[in-house]
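Asker: predicted structure and sequence below. I'll ask about it afterward.
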Amino acid sequence: MSFTVTISKRQDGLYLIDLDGKLDTETCRELQDKIRPLMVAQTQGFVFDLKDMDYISSSGLGVLFMVRKFTDENERTFLITNVQPQIRKVFDIVKALPKEAIFQSMEELDDYLDAIQNKEIEKNKG
């Protein structure tokens, strides 16, 4: 099965990473090679959209952990959306990600991001 990584910029320094296929030992290097150049000071964070990803191995989890470590150490955003049930089960088993970082849809994620930004705008006005 093929694996594709599509990266787009959602807003200043926030990258949307669409994953399609199986993220396993054979494909994790492709993701790692595309993500590493984005792990710089100017990057505000990463949103992983997993709607088309149907499998993740421990090697795939390792790449996500690498990105999560970067975002934690640099106080950046790390979010995941559209997680398929079988992948959510893997996340639950390894307790890999905090529940507040996983969203059911892009709409739910956008609502969350809008609320954060509106809160900051109000805070800066006062």
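Answerer: Yep, that arrived. Residues are numbered from 1 along each chain as shown.
Asker: the lengthiest strand in the chain pairs with which strands?
Answerer: The single longest strand within the chain, with elements called by DSSP state E, is strand 45-56. Pairing partners of strand 45-56, with direction, according to DSSP bridges: strand 14-23 (parallel), strand 77-81 (parallel).
Asker: okay if I get the ones you listed as TSV plus mean neighbour count, distance to residue 111 and mean pLDDT?
Answerer: For glycine as for every other residue, the C-beta is placed from the backbone atoms N, C-alpha and C. Shown next, in TSV, are those (neighbours: other C-beta atoms under 10 Å; distance: least, C-beta to C-beta, whole Å; pLDDT from 0 to 100):
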stretch	mean neighbour count	distance to residue 111	mean pLDDT
strand 14-23	19	15	96
strand 77-81	20	11	91
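Asker: pull out the buried positions in the longest strand of the chain.
Answerer: Of the residues in strand 45-56, 45, 46, 47, 48, 49, 50, 53, 55, 56 count as buried by neighbour count, 16 or more other C-beta atoms under 10 Å.
Asker: from those, pick the one nearest residue 28.
Answerer: Distance to residue 28, by C-beta to C-beta, is smallest for residue 56 among the buried residues of strand 45-56, at 9.1 Å.
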